[in-house]
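1. Below is the structure, and that's it, no one-letter string:
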């Protein structure tokens, strides 16, 4: 199993040198006096230590043992509970929560960086505290004072965990058709009935109570997405003094046997007139979920980044050690019986692709998390609105593109190991299995693609896209005379222009037939992802170039940044030409075959 | 779990309408009087019945139970043994073996078609008899008469199975560095010592004896690939009367825990002065393995095709049943609570991609198996040599391209199911896990790519490639006036020309630096695969067009062929533009980073 090593140097590069985290926080009234570089680095080091030494060793154990279900009780793998207690003691659950409820009031963007380490070292484990964040945010944003006082302190401390109960077996992305019911009780509470599936961390033995946030329909609610309300359903009732009362009527009926993330319990939850409390206005449940769903999409983008990073780490160690064949240009280590496989261009191509996705993905996720800070905390409404536009555009790109590239990277990790990659003990195939879900949950790649092209780009008549391509345009103009990086800047400028033109071509078709959006969306999303990462790689190359020009001592580190950027532009980015050509194929070839004639 | 349904109509289309199997066999002296269409179809139907009703139901059981190892004894999953007995009773093991040893003397190409059904319904099971073929072929081709008489009858009948023992833990693709030893005994046999890993079907409870074909080095053998010899090492010694004698000193030390194909035992075999018998000349073991290795590569290409087919079958059923969202152009089934997901272009794109890979892959595999027949059986040496050239060129393409596209198709199968695809009970994720190995064993995709571009194309100075592109060229010339299919034929002609030009551009670079081959090879292989499949899809479209012109009754079947061909050309084939662009990026971006500076 690859031993996770937090890439602290690269994290610091992205945070401080690329994104100027300290200045970013200094501009936000909530953080300007509290968040220093010193504090950031302290948190990173504490998290690195915990992830490397506590979580990483449990990753393979969690996969092998999985969770077990017996008569409604779920037992997590050996060591998971104890690691969770340490995580609480170290104060990680409360990091970004409101101080009023025991939180540390630190930025979500800092929590995101830590979640990368947690996720890279043990994704299945990280989902337990990860889901709690969704519940905390939902109650913070939409709960009554009483609800906040009742649930937040224990959720914030980590003593209780939370879940998000959306999916039913017939309703995944299409939440408008859920059937769970909420009948009013006489005391103002509701009796919640229905079956929810795919509830991550829905039942477990790591915390004394679990607070479920449940989507259900009130009697006579309008059909569709406008008739869904949101309820708090605690596993154990909470007494007035905060102590735990009776068990509520929600039971875990079973846990799923699945491809990966075995260490996390994916539960079927049966609500049988369970007592629930309305949160937010009636029938506006989906609106109340938007913040959570967007946050969850960025959280899933982190899973893609984590897969790129951890599979890269595992493959790199192996590629330097494993001896096979001689280099085509002659033996590189003639004293050994064969050359290490890192001499072979095809192996280097796989490693560099993983590296480019990991480091580029990190830049994208951290950038997004800064925009998310701005949406909540920027001083002016103009700044908040602008950040919200960029965040809306980039969220589906980050979610789908980073999970797809993370899955590719994970598969490349197996491929570097050859047949050994297929064997469980090396841990490389686990990364593939664990990561596969990331392209599915929180909205599949296809759903993200429709969100991007349909809702974010075409429905705004390109307004959000222009905001972002303007940022790229300004950057390429600013660097127009950067002769050393001319090729990168020129390629980026021309693809940025192509982005607009490609959008116009699809928009024209879509005005004739809206199904054209569905035909183009996935390839459009990949195009957008490759160009967005190209922008970040070009920026990183410029930063590295400036550091070298200023005589920085870590010469090889900065040179590697520039080399990786060049690799990305020459050997990864050109894939866009395939996507452009496929988009040109249009809708018609997809629709000509009648559903009954797909097979005979 | 998807219930496998043998795609008999499509198999017959490829065999009879595209490849004119009956005429093919009529031209081969060995088969001209024995193999009729009636006989072919009888075998197909018998195999379909067995695979649909016996093997398919065991596929998920095999995955869930896996094999178990206890003190050197391996137990296969419930039902595997019994199914194997039926397979023997039905006479399948002996189908293509020589009549002299109890075989039916039928063409290997017919066995390949049956292996597609076996593999699509239960790949892990199919590997037990599959590996025996390698042992049979090796003994048929290189064994002494005594060896043939001793081992072939029972291997051919299926009473015994065989293995191929090549890999050692430090030596996979690089067989030149294997360490297993063969010390001469006084009686002409050898004492074989060493550890072999990844031995599929190396130990099991399905047959009374296992015949291992083992690579090992004689004392003072030359270093590298020219010092490897081949030995027969039976699990149980065989007495002069054919009965089983003492146990030989080969033991199964453990079985691997792996990502997929759980139903097949992947064994560590320890040879401790086990008695072995030299087969073929001393130090020429690798040469003797060439036929086997090529056959095994086509066999693995079948696994890719099988994954495309079985994942397509599973996804198609689901896409017609599952309701989610409305079509972007308005409700298609307003009476239901949502439309079936097959209305959405992105879902259709995934299904059609699977279908195009399955049916195109089938055409490629069956075509190759006809060339393999010709190599062995054609009447003249010119025909045999020509077929050998085409087969040599197309084998690495089929192996790597069909397994990579099979893996893509398997992943699309999961994607069509959304979150449910990740859950074991639906069986879609099993296809992904089972198929992942196909891109690794029998030479990784990267190794196949080097074989194609380095050995087959550049080392022959393009001779083999010209043989094949000439076939494509002749076809496009012949169809130059086919106005209805003009776009397909024109695109194919221009990509066929580009194939030569692309090769020249790489060849020029490689003449400066041989590492350029390694930098281009994988993308070159994908280019070659997409164009080869385009050729077959264009041919299939022409066949369908002709059938329709001749008033065939199955109008929808033939129309679907043409529609799928058009889909392939418009929505899959354009991916080549990405690969061409990546190849243009060359070697340099892969080599600039020192191995020590990949991570900091």
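-> Looks like it arrived, so ask away. Everything quoted here is computed from the prediction, not taken from an experiment.

2. Next, report how far stretch A:384-398 is displaced from the centre of its chain.
-> Distance of stretch A:384-398 from the chain centroid (Cα atoms, centre = their mean, to the nearest Å) equals 15 Å.

3. nope, stretch A:373-386 is what I meant
-> Its chain's C-alpha centre and that of stretch A:373-386 lie 22 Å apart, by Cα atoms, centre = their mean.

4. how about whichever residue of chain A sits closest to chain B, what does it touch?
-> Taking Cβ to the nearest Cβ, chain B has its nearest neighbour within chain A at residue A:578, 2.6 Å off. C-betas here are computed from N, CA, C, even on glycine. Counting by Cβ atoms under 8 Å, 6 or more residues apart in numbering or on different chains, residue A:578 touches B:574, B:575, B:576, B:577, B:578, B:579, B:581.

5. Spatially, what comes nearest to it if we skip its sequence neighbours?
-> If the residues on either side of it in the chain are set aside, residue A:578 comes closest to residue B:578, at 2.6 Å by Cβ to Cβ, 6 or more residues apart in numbering or on different chains.

6. Would you mind giving the domain segments of chain A?
-> The record's domain parsing of chain A by automatic domain parsing lists A:8-142, A:161-284, A:460-593.

7. Residue B:197: which of those domains is closest?
-> Relative to residue B:197, the nearest member of the domains of chain A by Cβ to Cβ is domain A:8-142, separated by 20.1 Å.

8. does the closest one come close to chain B?
-> Yes: applying Cβ under 8 Å from any Cβ of the partner chain, one finds that domain A:8-142 is in contact with chain B at A:9, A:10.

9. now swap in stretch A:411-420 and tell me
-> Yes: counting by Cβ under 8 Å from any Cβ, chain B is contacted by stretch A:411-420 at A:411, A:414, A:415, A:418, A:419, A:420.

10. Save the residues you listed as JSON lines, and put in neighbour count, secondary structure and pLDDT too.
-> Listed next are these as JSON lines, based on neighbours: other Cβ atoms under 10 Å in any protein chain shown; DSSP: H, G, I helix; E, B strand; the rest coil; pLDDT from 0 to 100:
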{"residue": "A:411", "neighbour count": "25", "secondary structure": "helix", "pLDDT": "98"}
{"residue": "A:414", "neighbour count": "28", "secondary structure": "helix", "pLDDT": "98"}
{"residue": "A:415", "neighbour count": "21", "secondary structure": "helix", "pLDDT": "98"}
{"residue": "A:418", "neighbour count": "22", "secondary structure": "helix", "pLDDT": "98"}
{"residue": "A:419", "neighbour count": "20", "secondary structure": "helix", "pLDDT": "97"}
{"residue": "A:420", "neighbour count": "21", "secondary structure": "helix", "pLDDT": "98"}
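
11. so can I have TSV of the contacts of residue A:578 showing pLDDT?
-> As requested, the contacts of residue A:578 are exported to TSV (pLDDT from 0 to 100):
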residue	pLDDT
B:574	98
B:575	98
B:576	98
B:577	98
B:578	98
B:579	98
B:581	98
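
12. Which of these fall within helices?
-> B:576, B:577, B:578, B:579, B:581 (DSSP state H).

13. Look up how far residue A:342 lies from the residue of chain A most remote from its centre.
-> Largest separation from the mean C-alpha position in chain A: residue A:335, at 45.2 Å (Cα atoms, centre = their mean). For residue A:335, the distance to residue A:342 (Cβ to Cβ, to the nearest Å) stands at 16 Å.

14. Equivalent analysis for residue A:348, please.
-> As for residue A:348, its distance to residue A:342 is 7 Å (criterion: Cβ to Cβ).

15. The two: which has the busier surroundings?
-> Using other Cβ atoms under 10 Å in any protein chain shown as the criterion, residue A:348 and residue A:342 rank with residue A:348 on top: 26 against 21.

16. Which residue comes closest to the more buried one once chain neighbours are left out?
-> Counting by Cβ to Cβ, 6+ apart, residue A:348 lies nearest to residue B:590, which is 4.6 Å off, once chain neighbours are set aside.

17. I'd like the distance between that neighbour and residue A:412.
-> Distance, residue B:590 to residue A:412, by Cβ to Cβ: 14 Å.

18. Quick one: the helices in the stretch 251-400 of chain A, in order.
-> Assigned by DSSP state H, counting those that start in this stretch, the stretch 251-400 of chain A shows helices spanning A:285-321, A:345-377, A:381-416.

19. Worst mean pLDDT among these?
-> Ranked by mean pLDDT, the helices of the stretch 251-400 of chain A bottom out at helix A:285-321, with a mean of 95.

20. Now do the SS call for residue A:164.
-> strand (DSSP: H, G, I helix; E, B strand; the rest coil).

21. looking at it, it is touching residue A:130, isn't it?
-> No: taking contacts as Cβ atoms under 8 Å, residue A:164 lies outside contact range of residue A:130: 10.4 Å.

22. what about the two, which has more around it?
-> Using other Cβ under 10 Å as the criterion, residue A:164 and residue A:130 rank with residue A:164 on top: 26 against 23.

23. Is the more buried one bridged to anything, and to what?
-> Beta-bridge pairing of residue A:164 under DSSP bridges involves residue A:213.

24. Show the pLDDT at it.
-> pLDDT, residue A:164: 95.

25. what residues are up against it?
-> Residues in contact with residue A:164, defined by Cβ under 8 Å, 6+ apart, are A:131, A:134, A:135, A:138, A:199, A:213, A:289, A:292, A:296.

26. Next, count neighbours for the fifth one.
-> Spelled out, it's residue A:199. 25.

27. Now it. Nearest residue, chain neighbours left out?
-> Per Cβ to Cβ, 6+ apart, closest to residue A:199 is residue A:267, 4.5 Å.

28. do the third one as well
-> Take residue A:135 and drop its neighbours on the chain: the residue closest to it by Cβ to Cβ, 6+ apart is residue A:162, 2.4 Å away.

29. Touching, that neighbour and residue A:140? I think so.
-> No: at 11.5 Å, residue A:162 does not count as touching residue A:140 under the criterion of Cβ under 8 Å.

30. Only the buried residues of the strand ranked longest in chain A, if you could.
-> Scanning chain A for the strand with the most residues, using DSSP state E, yields strand A:266-279. The neighbour-count check on strand A:266-279 (16 or more other Cβ atoms under 10 Å in any protein chain shown) flags A:266, A:267, A:268, A:269, A:270, A:271, A:274, A:275, A:276, A:277, A:278, A:279 as buried.

31. Which strands or helices does that strand pack on?
-> In terms of contacts (3 or more Cβ pairs under 8 Å, 6 or more residues apart in numbering or on different chains; DSSP states H and E), strand A:266-279 is packed against helix A:108-142, strand A:181-184, strand A:190-200, strand A:209-216, strand A:229-234, strand A:250-255.

32. now those as JSON lines including mean pLDDT?
-> Converted to JSON lines, the helices and strands packed on strand A:266-279 look like this (pLDDT from 0 to 100):
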{"stretch": "helix A:108-142", "mean pLDDT": "96"}
{"stretch": "strand A:181-184", "mean pLDDT": "98"}
{"stretch": "strand A:190-200", "mean pLDDT": "98"}
{"stretch": "strand A:209-216", "mean pLDDT": "98"}
{"stretch": "strand A:229-234", "mean pLDDT": "98"}
{"stretch": "strand A:250-255", "mean pLDDT": "98"}
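
33. Select, out of those, the one closest to residue B:328.
-> Checking those against residue B:328 by Cβ to Cβ gives strand A:209-216 as the closest, at 24.4 Å.

34. and the closest one, how far from the chain's centre?
-> For strand A:209-216 - counting by Cα atoms, centre = their mean - the centre lies 22 Å from the chain centre.

35. Alright, that wraps it up for me.
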